[in-house]
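Novice: What shape does this take:
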Amino acid sequence: MRRLRVLVVVGLVVATALAGIRLVLTQQAALARRRIGKPLGEDSLDADRVWRSALDGEPIDLLILGDSIAAGLGAERRKETLGGRLAKGTARRLRRPVRLHTAAIVGSESPDLPGQLDGLPDGYRPQVAVIVVGGNDVTHRLPVPLSAQHLHETIRRLREAGAEVVVGTCPDLGALRPVPQPLRRLASSMSRRLADIQAETARHAGAEPVDLRRAVGPMFFDEPEAMFSLDRFHPSALGYRRTAEALLPAVCRAAEVAVSSRRPPVPS
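Specialist: Okay, here's the model as predicted:
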């Protein structure tokens, strides 16, 4: 009986502590949202066009899917968006024009990816697709298996349509200075776990993952004033440049495979 009473007391203490932690984290999340706000609005620049159109050859069709980083929120010029930088860089390296189509939407989570595919124009078939998503999954505490499921489904559909796919994994949210501790430490741990699962999912589904946490994360930690935009949440022009540089080798490899393969004709 005494042992049972001890277990009950311990259980109550643990439950009380967990409730207290949840309350603190909820308060800190509200504080972070107030600090960040929406100084950039919710509309990204339209960078869709044929980049380097003067180059010879048919344009390579590049599709960008994902969240506000994929959409380029925070860039002041369209050539500074993630899509613009990837299109321009790929065209320069392959000496071919690149036709960019951005389906990424600000605020999106992994479950929104299939809808972005559904919203593509009829008959549109990208040769290369880049997916960058995950930050909102973490901040909204989506289950990691759910995020992985929708990422896998999106890659599968793209691969079946003949596209080569590159996945930029979730950045390390521990770099977000407006987020107080211990919430920032928890967000960092959650984003790292999601990034690992995204990389595994991408490889399993036939895509090439790029670990953005390792590739550019240290720059966001060391130079936050330069790497983040006005809201201290989205990348600045320099942040997008470094992110694009990390993704570009994989995107160029995908484009080389795409242009060297014979794609079946689009059904009429």
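Novice: What mean pLDDT does stretch 55-64 get?
Specialist: Averaged across stretch 55-64, the pLDDT comes to 96.
Novice: Report how far apart the opening and closing residues of that stretch are.
Specialist: 22 Å (Cα to Cα, to the nearest Å).
Novice: D56 in helix, strand or coil?
Specialist: coil (DSSP: H, G, I helix; E, B strand; the rest coil).
Novice: any idea how far the spatially closest residue to F228 that is not a sequence neighbour lies from R184?
Specialist: With Cβ to Cβ, 6 or more residues apart in numbering as the criterion, F228 has its nearest non-adjacent residue at 5.8 Å, and that residue is S236. The C-beta positions use only the backbone N, C-alpha and C, and glycine is treated the same way. S236 sits 20 Å away from R184, taking Cβ to Cβ, to the nearest Å as the criterion.
Novice: between those two, who's got more neighbours?
Specialist: S236 (21 against 18; other Cβ atoms under 10 Å).
Novice: got a list of what that one touches?
Specialist: S236 makes contacts with 74, 226-229, as judged by Cβ atoms under 8 Å, 6 or more residues apart in numbering.
Novice: any weak-confidence spans in the stretch 51-200 of the chain?
Specialist: Low-confidence segments of the stretch 51-200 of the chain (pLDDT under 70): 178, 180-181.
Novice: Strands along that one, start to end?
Specialist: In the stretch 51-200 of the chain, the strands defined using DSSP state E, counting those that start in this stretch lie at 60-66, 98-102, 128-132, 164-168.
Novice: Tell me how many other residues crowd the residue nearest to H234 when sequence neighbours are not counted.
Specialist: Among residues not flanking H234 along the chain, G74 sits closest, at 3.7 Å (Cβ to Cβ, 6+ apart). Using other Cβ under 10 Å, G74 has 25 neighbouring residues.
Novice: and G74, what does it touch?
Specialist: Taking Cβ under 8 Å, 6+ apart, one finds 40, 68, 229-231, 234-236, 239-240 in contact with G74.
Novice: Which residue in those residues has the weakest pLDDT?
Specialist: L40 (55).
Novice: Skipping its backbone neighbours, what lies nearest V257 in space?
Specialist: E164 (5.3 Å).
Novice: which residues does that neighbour bridge with?
Specialist: Note on E164: beta-bridge partners V128, judged by DSSP bridges.
Novice: I figured Y240 hits E80, correct?
Specialist: Yes. Y240 is within contact range of E80, at 5.7 Å (criterion: Cβ atoms under 8 Å).
Novice: Which one's more surrounded, those two?
Specialist: Between Y240 and E80, Y240 has the larger neighbour count (other Cβ under 10 Å), namely 26 against 21.
Novice: do you know how far the more buried one is from G217?
Specialist: Counting by Cβ to Cβ - Y240 and G217 are separated by 15 Å.
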